[in-house]
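Visitor: Give me a model of this one.
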Amino acid sequence: MSVGFIGAGQLAHALVKGFTSAGVIATQRIIASSPDTDLPTVAGLRKMGAILTTSNKEVVNKSDVLFLAVKPHIIPFVLDEIGPDIEDRHLIVSCAAGVTISSIEKKLLQYRPFPKVMRCMTNTPVVVREGATVYATGTHAEVEDGKLLEQLMASVGFCTEVEEDLIDAVTGLSGSGPAYAFTALDALADGGVKMGLPRRLAVRLGAQALLVSNIIVSHCHTSLHCHTSLHCHTSLHCHTSLHCHTSLHCHTSLHCHTSLHCHTSLHCHTSLHCHTSLHCHISLHCNTSLHCHTSLHCHISLHCHISSHCHTSLHCHTSLHCHISLHCNTSLHCHISLHCNTSLHCHTSLHCHISSHCHISSHCHTSLHCHTSLHCHTSLHCHLSLHCHTSLHCHTSLHCHIITLSHIIHHTVTYHYTVTHHYSSGLTGQ
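Guide: Now for the predicted structure:
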């Protein structure tokens with residue numbers, strides 16, 4: 001079998017290189033014609049070992065399978081030129097976009113009664129044997145002719161038979177598809193360069209992304225369907241319980257600082273992208289309960305005798321800062337139920353007993369900082385029901401008993417007590 005190409009442009013060059021790389025035909029059995037012998041593709045074909053000529057008739061006479069690889073508007077002139085030389089052994093394969101099998105057959109019927117014509121649409125990736133080709137069979141072409149063409153084209157990529165009226169759609173999709181992919185790759189690389197990547201690395205990473213996407217899709221074999229009635233149920237139950245008990249007993253000259261920092265953070269992100277017929281319900285129940293009990297019991301007994309100066313100073317500062325912030329942004333097509341129960345129980349008990357005949361100073365600082373933050377982001381379109389219950393119970397009890405017995409001169413008792421309570425709650429929903 002010998003193969004001929006009328007036209008020695010990019011498509012002919014890519015097919016010849018693919019065929020010879022696949023080993024389906026030797027280069028010395030390939031002939032191509034071109035009126036311009038200075039084309040780079042002509043030089044490339046000659047370098048590969050193919051036969052080059054300026055005569056279309058010579059190509060017809062020396063080939064069995066004849067590819068018409070010229071521009072669509074040139075096809076009628078080529079057919080008029082080679083028509084008288086077409087024989088029964090010839091299988092004519094047109095690669096011209098938009099030129100129908102019937103129009104080619106009509107021309108050739110002037111010279112031969114049963115011309116065997118086929119039409120194919122391929123693309124330039126055949127040069128690396130990764131092309132995509134579809135073909136349609138003419139009126140007089142036989143099953144064996146289709147098998148022969150498919151054998152050739154399958155050696156340089158994917159090949160399948162389709163109805164002729166689908167070939168125009170394939171022309172826009174896979175025929176021009178590589179150009180779209182190169183444009184997308186260029187855009188990906190531009191983005192990488194703007195982020196600081198070297199151009200060569202950005203292009204390589206973008207190409208790898210497109211390559212692996214193609215491999216994954218090719219292995220799927222069938223299309224991905226996300227159709228009809230999709231019901232999704234996601235249930236998340238979180239329970240965080242913190243119990244803290246601090247007990248401090250001090251006697252004589254006691255400086256106490258008790259600091260309890262409790263931070264409970266729950267971050268939930270659920271993103272679901274679905275197409276067509278999505279029925280969803282979202283219910284979010286959040287219960288945050290904070291119970292704080294601070295009890296300070298102080299007993300001071302002071303006995304002073306004879307020329308004694310006694311100073312008793314008690315400074316107690318209890319500060320409770322509670323900030324509860326709930327931000328919910330829900331945009332979903334599914335059913336998501338989130339139950340979060342965060343319970344914080346803190347008990348701080350300080351018992352101080354001081355008995356002295358001198359200067360007694362007691363500084364007690366109890367600080368409780370509780371921060372509960374719940375961030376939920378659900379990206380879907382649906383129905384949102386949000387029930388939030390925030391309960392804060394704070395009990396501060398201070399019992400002080402001071403007994404002073406002084407006989408003479410001077411006695412001073414200073415008492416400072418400050419209770420600071422901050423509570424902030426923010427709730428936003430969309």
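
Visitor: Every contact and neighbour count from this point should use C-alpha atoms.
Guide: Noted.

Visitor: If you count residues, where's the longest helix of the chain?
Guide: With secondary structure taken from DSSP state H, the chain has its longest helix at helix 199-220.

Visitor: Can you give the domain ranges for this protein?
Guide: 3-168, 180-220, 238-429 (automatic domain parsing).

Visitor: weakest of those in terms of mean pLDDT?
Guide: For the domains of the chain, mean pLDDT drops lowest on domain 238-429, to a mean of 43.

Visitor: so how far is G83 from T124?
Guide: 28 Å (C-alpha to C-alpha, to the nearest Å).

Visitor: Also R200?
Guide: 50 Å.

Visitor: So which of these two has more stuff around it?
Guide: G83 (19 against 10; other C-alpha atoms under 10 Å).

Visitor: so that one sits in a helix?
Guide: Yes. Using DSSP: H, G, I helix; E, B strand; the rest coil, the assignment for G83 is a helix.

Visitor: isn't it right up against Y111?
Guide: Yes. Counting by C-alpha atoms under 8 Å, Y111 is a contact partner of G83 at 5.8 Å.

Visitor: returning to that earlier point: what residues of the longest helix of the chain count as buried?
Guide: 202-203, 205-207 (16 or more other C-alpha atoms under 10 Å).

Visitor: separation between H140 and F114?
Guide: 6 Å.

Visitor: With E142 instead?
Guide: 11 Å.

Visitor: Name the SS class of F67, please.
Guide: Quick answer, by three-state DSSP: F67 is strand.

Visitor: Would you agree it is in contact with G4?
Guide: Yes. Between F67 and G4 there is a contact at 6.1 Å, judged by C-alpha under 8 Å.

Visitor: Helices along the stretch 1-150 of the chain, start to end?
Guide: In the stretch 1-150 of the chain, the segments counted as helices under DSSP state H, counting those that start in this stretch are 10-22, 40-48, 56-61, 75-82, 101-108, 143-154.

Visitor: Rebuild the buried residues of helix 199-220 as CSV, extending it with distance to S155.
Guide: Shown next, in CSV, are the buried residues of helix 199-220 (distance: C-alpha to C-alpha, whole Å):
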residue, distance to S155
A202, 32
V203, 28
L205, 28
G206, 27
A207, 24
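
Visitor: What is the nearest of the residues you listed to V93?
Guide: A207 (32.8 Å; C-alpha to C-alpha).

Visitor: Quick check: that closest one touching A184?
Guide: No. Between A207 and A184 no contact is recorded; they are 9.6 Å apart, counting by C-alpha under 8 Å.

Visitor: Can you name the residues that contact the nearest residue to L39 once chain neighbours are set aside?
Guide: Nearest residue to L39, sequence neighbours excluded (C-alpha to C-alpha, 6 or more residues apart in numbering): G9, at 7.9 Å. Contacts for G9 (C-alpha atoms under 8 Å, 6 or more residues apart in numbering) come out as 39, 41-42, 69-70.

Visitor: before we move on, what about T124?
Guide: So T124 contacts 10-11, 14-15, 131 (C-alpha under 8 Å, 6+ apart).
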